[in-house]
Every structure is written in C-alpha cells, then in structure tokens.
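Novice: only geometry, no sequence info:
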C-alpha cells in the first residue's frame, strides 16, 4: 500500500512539475485569465446593469429575457415594477454587491467556454510524450502497474489545473473588485467550482486518458483536437443549465411565489442542476478510463 | 558552383496531414445541407463557411507543418546541407495545394446545394486573405512555441470566434476593427473597405510567413540551445 502511494505521489509530483515547465498549464491558465480580463475590459458594464452606479428603475422581463431597461442617476428615483417578480429583480439589480457579482459572473461564463475548448488540445500530450521520449520503455522495466500510472497522470493534471485555475480565479476576482467594487465571494467561489473547475477536470480527464493509446505527441494532439466537439457539448450542458442570467429570472419567479431567500434558493438549485448534468460525463470518463486501462494491460501482456 | 537540392514531396505530404482537407470538405457539404434546412448556426456563419473552414484547416496544418519539438530527428535534419527553407516551402506548397483543391470542390458542391451561393472565383477571393493569415499565424506560433498544439489551438479559437459573431462584437466595440475581420462580408461593407481589409490580412500573413523563414535560419534558436 505504501509502495502504491509513493509511486502515485511520485508521478503526480514530477508530472505536474513537467507540465509547468512545458508551459502547458501556464499557457492554459494564463490564456483563461487574460481572456477573462480582456473581455471584462472590453465589455465594461452590461446594459442591464448599466452606467456604473445608475439606478435601474424598470426592467421588462418575459420568456425572451430582458426586453427593456430604464436607468436613472437619481439615487432616490422610485422603482417602476409591474409585478412582484420585476420588483425582486430590480432590488437585486440595485444592490451594489449583487451588481458587481453578476457583472463578474456574466463575463465568467463565456470565458469558461474558451477554457474548455483549450483543454483537450493542450493536455492530450501528457501520456503520448512518455512514448515519444522513450520514457515509457524505461517505465516498463519498473514494477509500476498501468493503473497506478494512469491514476498518477490523471491526478497530476487535476492538481495542476486546480492550482492554476485557482490562481486565475483569485486574480480575476481582485481585478473585478477593483473595477466594480465588493463582490459576494461565496457566490463567486461556488459558481467558479461548479461552472469552471468541475467541467475543466472532467474534460482534462478525457484529454489525458483517451490519447494514452497513441505513441506520439502529434497523434495525441490530433485526438485532443478531435475531442473539441465533446468540450463544446460539455460547455453547452454546463452553461445551458447554469448560465447566470436565468438564475435572476428564477429568483424573481420564486419571490413572486412568496418563497423567502428566493435568490439563494434559485442559485443553489441551479448549481445542483449543473452538477447533475455533469454526472453522466463523470460516469463516461470512468468507463473510458477502465477501457483504456484494460487495453494497456492487454498490450502489456502480449508484448 | 551552386548545389541543387531535391524536394521531399512524399514526406511533405505526410507531414501536412492530408486527410484534414477531406474532413473540411465533409464539413462544407454538411454546412450546405444545414444552410438549406435554415439551421440557425449555419445562418450565423452564412457564406463565410468555405473561407472559414479552409482558414481553420490551413491554420491547423501550418501549426503541424514544422513544430521543432515534434519534428523527428531535428538535429539530423539541421546537420544536412539542404536549407530548412526547402522543408518549409515544400510543406507550405502541399498545404496550399490541398486547400485550394478543397476550396474548388467545396465551392462547386456548395453552389449545387445552396442556390445563389458564391462562385468558385468569389470563394477564392474570400478565402485567400484569411487563409494566408492563418497559415502565417499557425506556422509562427508552432515554431516559437516549438509544439503544434499552441498554433492549432490559436487557429481554432480565432477562426471560431470570428465565425460565430466575435468579429461583429469587436466591430461594435471598436469601429476600426473591420480592418482585421477575417471574413468581412462584402455585401455589408464598401468595396474600398473590403480591399483594405484583404490587403491588410494578406500583408500580415505574408509578413508572418517571411518571419517563419527568417526564424528557421537561426539553428541555435530552433534547437532551443540557449534554454535547454
């Protein structure tokens, strides 16, 4: 047992170091961060939160989304709501902390799409490189099982991603706080974990495991490029169930039904829905991982 | 007396991922059917499909064409008297030839599927400028990054963003951004703007390709001898 732990932890440590040295994780997380900050700088304020400190007086909401927005610089101007749902929405929109948080999350969502597209081509090289540099032949002479090897590689990528994406999230959070004021940190952390970290880890899992069957980086990267439709599908499922704007509509609808803490309820429901859309991907990843492990074992037995 | 070197066309063909244009062609046919079925995504892309797919495929192929860390036995290749410019030229020529064939067939097929689609000549003029730029970008990023995946990723994200509304969003934010629009729709801009845009893209692409040729002359840098 101790031997297994030391083998896996050794692979995790050195593989993660190699990923930083090869600049894979630096490029991936740096790209994500620069994209988020660039997008935030270019877009500025979304129209429905418009004009910095302007008060949102009225907002038409229907099944197509927000259809009209009226703002005023007068902080005492009365809200013009046609129903309780619109009033709830206006109260959320006029709370400075909520506005800053929503501003942040609105930009965060498209950034996640770019992150997920970038993961397969960049991380698909992890195992094929061992074959390309003939390290695999050396590893074959050691008492290292295929399962420990695969788990070690997978965990190293996951740990590297958690560290890199955490740094990106902290820098992005500070940037947005500097520009838009204080944010709701707990909302941001939960949203970041469910909307960015979990799909990134799932996709990284596929990107590491599937190309394990090829023997050159070139082939591995091509498999990674071929996995981009999977990345888009995962992004569509994740963003489709957890995109930030429908949470506001749902909070407004819950408020209309007299449900207290409507916003928290809507937000928690959304996060749970998003996690449930990701569970099938996790199961498929487990199945694919087992399949690849079985093929590697069979190859080992016949070689 | 100046020695002459032979071109290694067969090796260049293999290095240029010749099956990718076939995938692109299948994509064009699928796109044509989606457009006739009034699919919303296909309508977002509009008639830029041929130029978009050719630029994407060209960019990915260029990134894979010569990435030093993925090149087998690079040191031996460098020790040969044949300049690396030959290697770059033969691979680029194969990529251009394959993609031009794909554009020709794609234009004919698309015109057969979608009534009123641009002619082959029109598709060529739409494709040439963004294709050149993506070839240059893929090549240079692949060389500087030493690996194919950085260049291929850049090609995918740039073409994807431009085709799926990113260019319009950029123009809405910066009025002058039409100059860098990869697939400027001629029907929405003046002839002068279209000319300037294509001249800019062509010049930028040519400059990047020229830089790639200059880059491969520095063997120390190509081997990353200073850093490894």
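Specialist: Great, that's in hand. Because the structure is predicted, anything quoted here is derived from the model rather than measured.
Novice: please make it C-alpha for all contacts and neighbour counts, starting now.
Specialist: OK.
Novice: can you tell me the residue of chain B closest to chain A?
Specialist: Distances between chain B and chain A by Cα to the nearest Cα are smallest at residue B:149, namely 5.9 Å.
Novice: hmm, residue A:119 and that residue touching each other?
Specialist: No - contact criterion Cα atoms under 8 Å: residue B:149 and residue A:119 do not qualify, at 10.6 Å.
Novice: more crowded one of those two?
Specialist: residue B:149 (32 against 29; other Cα atoms under 10 Å in any protein chain shown).
Novice: I'd like the distance between that one and residue A:217.
Specialist: Counting by Cα to Cα, to the nearest Å, the gap from residue B:149 to residue A:217 is 9 Å.
Novice: spatially nearest residue to residue A:273 (excluding sequence neighbours)?
Specialist: In space, and not counting its chain neighbours, residue A:273 is closest to residue A:241: 6.5 Å by Cα to Cα, 6 or more residues apart in numbering or on different chains.
Novice: grab the nearest non-local neighbour of residue B:193.
Specialist: residue B:179 (7.5 Å).
Novice: below-threshold pLDDT in chain B: ranges please.
Specialist: B:1-3, B:225-228 (pLDDT under 70).
Novice: could you do the stretch 201-303 of chain A as well?
Specialist: Using pLDDT under 70, the stretch 201-303 of chain A drops low at A:256.
Novice: for the helix ranked longest in chain B, which residues meet the burial criterion?
Specialist: The longest helix of chain B (DSSP state H) is helix B:84-113. If you call a residue buried by 16 or more other Cα atoms under 10 Å in any protein chain shown, then helix B:84-113 has these buried ones: B:84, B:87-88, B:90-92, B:94-96, B:98-100, B:102-111, B:113.
Novice: report the separation between residue A:262 and residue A:189.
Specialist: 19 Å.
Novice: for the residue of chain B closest to chain A, what is the enclosing helix or strand?
Specialist: Using DSSP states H and E, residue B:149 falls within helix B:148-161.
Novice: sorry, back to before: neighbour count for residue A:262 and residue A:189, which is higher?
Specialist: Comparing residue A:262 with residue A:189 by other Cα under 10 Å, the one with more neighbours is residue A:262, at 19 against 15.
Novice: distance of the more buried one relative to residue A:96?
Specialist: 18 Å.
Novice: and residue B:97, by the same measure?
Specialist: Distance from residue B:97 to residue A:96, by Cα to Cα: 58 Å.
Novice: residues contacting the spatially most central residue of chain A?
Specialist: When Cα atoms, centre = their mean is applied to chain A, the residue found nearest the centroid is residue A:196 (1.2 Å). Each residue near residue A:196 by Cα atoms under 8 Å, 6 or more residues apart in numbering or on different chains is listed here: residue A:112.
Novice: let me know the secondary structure of residue A:59.
Specialist: strand (DSSP: H, G, I helix; E, B strand; the rest coil).
Novice: how many neighbours does it have?
Specialist: So residue A:59, with other Cα under 10 Å, has 22 neighbours.
Novice: surely it is in contact with residue A:69?
Specialist: Yes - if you go by Cα under 8 Å, residue A:59 and residue A:69 touch, sitting 4.6 Å apart.
Novice: which bits of chain B sit near chain A?
Specialist: Contact residues, chain B versus chain A (Cα under 8 Å from any Cα of the partner chain): B:64, B:70, B:148-150, B:153, B:157, B:173.
Novice: now, the most widely separated pair of the residues you listed?
Specialist: B:70 and B:173 (39.2 Å; Cα to Cα).
Novice: higher neighbour count, these two?
Specialist: Applying other Cα under 10 Å to residue B:70 and residue B:173 shows that residue B:70 carries more neighbours, namely 19 against 12.
Novice: give me the nearest residue to the more buried one, chain neighbours excluded.
Specialist: residue B:147 (6.2 Å).
Novice: contact partners for that neighbour?
Specialist: Per Cα under 8 Å, 6+ apart, neighbours of residue B:147: B:63-64, B:67-70.
Novice: turn those into a markdown table, including secondary structure.
Specialist: Converted to a markdown table, the contacts of residue B:147 look like this (three-state DSSP):
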| residue | secondary structure |
| --- | --- |
| B:63 | helix |
| B:64 | helix |
| B:67 | coil |
| B:68 | helix |
| B:69 | helix |
| B:70 | helix |
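Novice: out of those residues, grab the one that's most surrounded.
Specialist: Most crowded among the contacts of residue B:147, counting by other Cα under 10 Å, is residue B:63 at 32 neighbours.
Novice: these two touch, right, that one and residue B:144?
Specialist: No - counting by Cα under 8 Å, residue B:63 sits too far from residue B:144 to count as a contact (10.4 Å).
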